[in-house]
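Asks: got a sequence here, can you model it:
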Amino acid sequence: MKGRLYIKFLKRFIDIVSCSILFMIFLPVSVVTAFFVKIDSSGPILADVPERIGQNGKKFKMYKFRSMVTNAHYLLRTDPRFKKLLEEYKKSSYKLKKDPRVTRVGKFIRKHSLDEIPQLLNVIKGDMSLVGPRAYYPDELDNQLDKYPHTKKLVKKVLSVKPGITGLWQVTGRSEINFDKRIAIDAKYVDNISLWKDLKIILKTPLIMLTGKGAV
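Replies: Predicted structure coming up:
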């Protein structure tokens, strides 16, 4: 009951206030990051990626600093040169430890989660929450459900809330965790949402960002 009241009334208020403050704090870092993204490789500053699946299956555009070459998402799925890479991508729960599409600056900002700073705008807009489950691409979720059909109920539960910039799985193991374990962790978060648990996740996040543990 307490969790439901927190989700309905307090969580959104905390999201707006905290992300507005964080946006101002990270503004200088964002300007520097945007500058290096632009001079490091050709293409837009923000990532040109497809929409993600949000709360109740609603799709939304997630903002991220571009850490890969232009059209990286499309190239992986259509360019014959990346055929083996696509197979590896699917087998490893849609994460690659060595991805040739990642730029020099991209490696650094991905390791320290600086590419995710623009998602603060997604939270202010209401597409995301500061803390929540991971947001998936539609094709990624479909393929993972084919691979792990027993996770269908867990996925439904996870999609009942807004995805987050950070979350329980991010501070537990990030990309080192396969989909079935990751979705179970996020479902556990949904079952036990509370202000205290969100605060603990938020407090753990800066250390994960600094160390880059589990990032790809």
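Asks: buried sites along the lengthiest helix in the chain?
Replies: In the chain, assigned by DSSP state H, the helix with the most residues is helix 195-211. Residues of helix 195-211 classed as buried by neighbour count (16 or more other C-beta atoms under 10 Å): D198, I201, I202, T205, I208, M209. For glycine as for every other residue, the C-beta is placed from the backbone atoms N, C-alpha and C.
Asks: I'd like to know which elements it is packed against.
Replies: helix 11-25, strand 129-131, strand 164-166 (3 or more C-beta pairs under 8 Å, 6 or more residues apart in numbering; DSSP states H and E).
Asks: if we can go back for a sec, got a markdown table for the buried residues of helix 195-211, with distance to F82 and pLDDT too?
Replies: Below are the buried residues of helix 195-211 laid out as a markdown table (distance: C-beta to C-beta, whole Å; pLDDT from 0 to 100):
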| residue | distance to F82 | pLDDT |
| --- | --- | --- |
| D198 | 38 | 95 |
| I201 | 34 | 94 |
| I202 | 36 | 92 |
| T205 | 32 | 88 |
| I208 | 29 | 79 |
| M209 | 29 | 77 |
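Asks: how about the helices of the chain, start to end?
Replies: Under DSSP H, the chain gives helices at 2-5, 11-25, 27-40, 72-78, 83-91, 104-111, 119-125, 138-147, 152-158, 179-191, 195-211.
Asks: quick one: those as JSON lines, columns for distance to K61 too.
Replies: Listed next are the helices of the chain as JSON lines, based on distance: least, C-beta to C-beta, whole Å:
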{"stretch": "helix 2-5", "distance to K61": "29"}
{"stretch": "helix 11-25", "distance to K61": "17"}
{"stretch": "helix 27-40", "distance to K61": "18"}
{"stretch": "helix 72-78", "distance to K61": "13"}
{"stretch": "helix 83-91", "distance to K61": "22"}
{"stretch": "helix 104-111", "distance to K61": "19"}
{"stretch": "helix 119-125", "distance to K61": "8"}
{"stretch": "helix 138-147", "distance to K61": "13"}
{"stretch": "helix 152-158", "distance to K61": "20"}
{"stretch": "helix 179-191", "distance to K61": "21"}
{"stretch": "helix 195-211", "distance to K61": "23"}
